[in-house]
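Q: Mind folding the following:
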Amino acid sequence: MRRFYFLLFELAVLPLVVSCGSGTAGTVSPVISVRVSTSATSVAAGQQAQFTATVTGTTNTSVTWLVVGGAADGTISASGLYTAPAVVPNPALVTVTATSQADPTKSGSGSITVTGTSSNITVVVSPSSPTVPNFGRQQFNAAVSGTSNTAVNWSVNGTPGGSLQFGFISSSGLHFGPGGVPTKSNGSGGVSTTTLTVTAVSQASASASGSTTVTLMPANRSAQPVPVNLGTSGGNANDSSTSGNTITCCGGTLGSLVVRGGTQYILSNTHILARSDLATIGEPIIQPGLVDANCSKTQATTVANLSQFYNLETGPVPKIDAAIAQVVSGDVSTTGAIEYLGATTDANGVPIPDAPNGGPGVAATINMAVAKSGRSTGLTCSTVFSTSITTSVQYQKGCGTGTTFPVTYTNQVAVAGGSFSAEGDSGSLIVAQSTADPVALLYAGSDADTVGNPVSAVLNFFKSGANSVTFVGGAAHPVIGCTLPLKPASATLTVQASATSPEGLQNAIGVRDAYAPELLAHPEVQAVGVGGSYDNPNEPAILFFVTRGQPRTNIPQQVEGIRTRIIEGDLFPSRGALTAAESATLEKSVPAPHMVYAISDSEFSRAKIVHTARVEELMKQSGVQGVGIGSSVDAPGEAALVIFLIRGAPHDPIPPVVDGLRTRIRESSRFRAGFGDTHPQRGCSLSAARKTQPKPARASLPKP
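A: Now for the predicted structure:
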């Protein structure tokens, strides 16, 4: 039932005792008080609410009613029946008083809030459906009618005041845009960019609101003035297909600038520049890509010509997805500047374009902070999740049509977070956040991770005799966009919550109890509990609560097939064998775990031995799409053999430990690149599926 709250206001007069000399008794005046109440806390505009006055201290209980704000705040009858005005007043809180007719100096007050209804209050937000740049600012205005109270409360994507991920909005409607373009699942196992919703809610009535849809448009996606910067929209001028009256066009990202023998080339993917092996040398490379040029070559600039590409189906090992195109003189920035990659910002706080650190690049390491600037999501920032990955990636010939084929890669790099890239980001250069050193060339992924070729393999393929290939750039510098207050919150680096069944927990308790004395005998162990594993969220784990900093004494990685998890703390309040509930309470006393931890060189070497010995047999198992090296979350500091599984596909049981190395399960959609049809799958970067963007009688697809 709905609760009603009464507002009680009382004006009391203390008894006055008059003393007329020593030993003389005084007289006591009558005590009159007035108390006002109502059974409603609010009333809709134009409606009524009953107030009641209770008078004590006199037999004359009559009062005179008054609306303090006058007619604009409504009227009240001699019986206390309040009638709200037709429009909500400003402020909406209305005060009425009741004055004692027996003593006009005695009165009481009560308040009520006048609210509007959606039928008589409207809120219109402007501008309507604007396109604004990321890192940009946009002033929104709310026109409120049907009430004199025109104040509103602002929210972004349902969060009052906004958030880091979607940008903040002030009480006056000034929106500070996020650095990264938000993404969402595209319904086919991939990720595509999405919009923001800015909403203004009337303070007069929570049921009255107005909204507008905001499209974040990174500078990377638009047509660039020549000489163009890189990290921007581009592709092959012939990357389109026709079916009936519909033209489907594709594109991706012109990633970076490289030099060989004094000649500069644009570096991107084979499936971006060479149309997944269908192109011929010399074909024009344009900026922006057809996908952003209304499928018209005439609305784009030819900035390079295809010079060389790795053939995805017939190329030698190690496999890469890369192509280079010789630049047209004067049409590409000779410095190799990439959008948003600078160490400083402009006067509006937007990261300026800058080149990566020139040279051969560096090898990715687990937990390395990285960034990329691409056509669809602009600047995004995340962490290397796994390296040394062997994986099978699906492709499709042509733009939105053609046969599919798999390519098996080795020694790949995975970056954590499905939102690190989206459709259209393929071809982007992944760099180290701290130095802007090139690390990997982005080409594929899933709804959980982005995959890239290590730059060493890419550059090695394109060398010609004594002429090596290096990245055009300047000095090492930090990517400032990843440190700004509104830095791109593109990759949510939180571990997956446990989905352990009650039966699984009960099994873990049975095993723990059977071995409790010896498990508790480790000197660093304060308590042993049960909970979920983070290395495999579908399985239980025996939890070891250990003293922080104390040497480890070979705590087992598994007990009778049950994974173990180590939780460090100073002094835990519980000791001994704990129930699941007690374990969960104890876990809350320490910080939440990270998704990725750094591991030592010796740990990596240990994992590499196991990976080399086991990768081939694991890749043959059903449901496995990749095997790499990463970090354990169950045992921070330990390496793990990362098994990439296709979500929903049947697979053999994954043991908790292989050859003394913990295993870590990573489930996601299928890794794809250059895959296209009329259904969105994953964008240029991660999912490899291309998204159709319909235009009048046309459609365009950013390539993953």
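
Q: Now stretch 641-657: buried residues?
A: 641, 642, 643, 644, 645, 646, 651, 654, 656, 657 (16 or more other C-beta atoms under 10 Å). (C-beta placed from N, C-alpha, C; glycine too.)

Q: you'd agree the fourth one is up against residue 626?
A: So that's residue 644. Yes - with contacts counted by C-beta atoms under 8 Å, residue 644 reaches residue 626, the gap being 3.4 Å.

Q: ok so, going back, quick one: which of the buried residues of stretch 641-657 sit in strands?
A: If you go by DSSP state E, the buried residues of stretch 641-657 have 641, 642, 643, 644, 645, 646, 657 in strands.

Q: mind checking which helix or strand residue 605 is in?
A: Per DSSP states H and E: residue 605 is located in helix 601-619.

Q: Please state the offset of that helix from the chain centre?
A: When distances are taken as C-alpha atoms, centre = their mean, to the nearest Å, helix 601-619 is centred 32 Å away from the chain's centroid.

Q: Average the pLDDT values over it and round to the nearest integer.
A: For helix 601-619, mean pLDDT is 98.

Q: Who are the packing partners of it?
A: Counting by 3 or more C-beta pairs under 8 Å, 6 or more residues apart in numbering; DSSP states H and E, the packing neighbours recorded for helix 601-619 are strand 378-396, strand 624-631, strand 639-646, strand 661-668.

Q: would you list these in JSON lines and tack on distance to residue 269?
A: JSON lines is the format used below for these (distance: least, C-beta to C-beta, whole Å):
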{"stretch": "strand 378-396", "distance to residue 269": "10"}
{"stretch": "strand 624-631", "distance to residue 269": "19"}
{"stretch": "strand 639-646", "distance to residue 269": "20"}
{"stretch": "strand 661-668", "distance to residue 269": "20"}
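
Q: Looking at those strands, which is nearest to residue 225?
A: Residue 225 lies closest, by C-beta to C-beta, to one member of these: strand 378-396, at 18.1 Å.

Q: tell me which strands and helices that closest one is in contact with?
A: Looks like strand 378-396 contacts strand 369-374, strand 404-416, strand 438-445, strand 449-454, helix 601-619, strand 624-631, strand 639-646, strand 675-676 (3+ C-beta pairs under 8 Å, 6+ apart).

Q: And the third one, what does it pack against?
A: Contact analysis of strand 438-445 by 3+ C-beta pairs under 8 Å, 6+ apart lists strand 369-374, strand 378-396, strand 404-416, strand 429-432, strand 449-454, helix 455-462 as its packing neighbours.

Q: Report the inter-axis angle for it versus strand 378-396.
A: 50 degrees (axes from the mean of the first three to the mean of the last three C-alpha atoms, to 10 degrees).

Q: How far away from the center of its chain is strand 438-445?
A: 20 Å.

Q: where does this structure dip in pLDDT?
A: Applying pLDDT under 70 to the chain flags the ranges 1-29, 118-119, 186-190, 487-493, 674-701, 703-704.

Q: let's see 80
A: For the chain, the stretches flagged by pLDDT under 80 are 1-30, 39-40, 116-119, 164-165, 180, 184-191, 485-498, 674-704.

Q: Domain map for it?
A: Split into domains by automatic domain parsing, the chain comes to 9-115, 122-217, 502-587.
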